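1. need the 3D shape of this:
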Amino acid sequence: MNWFLLILAGLLEVGWAIGLKYTEGFTRPLPSVLTVAAIILSMVFLGLALKTLPVGTAYAVWVGIGIVGTFLLSVILFNEPASALRILSALVIVAGIAGLKLT
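-> Down below sits the predicted model:
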């Protein structure tokens, strides 16, 4: 259950990171409210997951989901570049997360 909460927290991190773009500096009310809600929920779920998961591993997984997910969505939604080096870098992050989870 705590791994599920951690993954949910990571997905919400992706949501608020992408949401920041849509807030246009917090000048748009609905995207701003949704982004702040995602930030709060992400932190709550991370905190709940940390009740039993090691903080170093959990934080790395949370941030890793946020980094890789935000990168992928920024390529899809905002046409940001997806060069071979950027993709390789994202894969290195995934490998690091897997290594932390498996050890």
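2. which residues in the chain form helices?
-> 2-23, 29-49, 55-78, 84-102 (DSSP state H).
3. where does pLDDT dip in this structure?
-> Applying pLDDT under 70 to the chain flags no residue at all.
4. centre-most residue in it?
-> residue 66 (1.8 Å; C-alpha atoms, centre = their mean).
5. distance-wise, check that one relative to residue 46.
-> Noted for residue 66: a distance of 10 Å to residue 46, by C-beta to C-beta, to the nearest Å. (Each C-beta comes from the backbone N, C-alpha and C, glycine too.)
6. now residue 78
-> 26 Å.
7. neighbour count winner among these two?
-> It is residue 46, of residue 78 and residue 46, that has more neighbours when counted by other C-beta atoms under 10 Å, with 23 against 9.
8. so who does the nearest residue to the more buried one once chain neighbours are set aside touch?
-> Leaving aside its chain neighbours, residue 46 sits nearest to residue 9 (4.2 Å; criterion: C-beta to C-beta, 6 or more residues apart in numbering). Counting by C-beta atoms under 8 Å, 6 or more residues apart in numbering, residue 9 touches 41, 42, 43, 44, 45, 46, 49, 62.
9. in stretch 56-70, what counts as buried?
-> 57-62, 64-70 (16 or more other C-beta atoms under 10 Å).
10. in TSV: those residues, plus distance to residue 30.
-> TSV is the format used below for those (distance: C-beta to C-beta, whole Å):
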residue	distance to residue 30
57	35
58	31
59	30
60	32
61	30
62	26
64	29
65	25
66	22
67	26
68	27
69	22
70	20
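11. tell me which of those is nearest to residue 28?
-> Comparing the buried residues of stretch 56-70 against residue 28 with C-beta to C-beta places residue 70 closest, at 19.1 Å.
12. please name the nearest non-neighbouring residue to that closest one.
-> Going by C-beta to C-beta, 6+ apart, residue 70 has residue 17 as its nearest residue, at 4.4 Å.
13. same question, residue 56
-> Closest residue to residue 56 apart from its sequence neighbours, by C-beta to C-beta, 6+ apart: residue 100 at 7.3 Å.
14. burial count for the residue nearest to residue 70?
-> Using other C-beta under 10 Å: residue 17 sits among 20 other residues.
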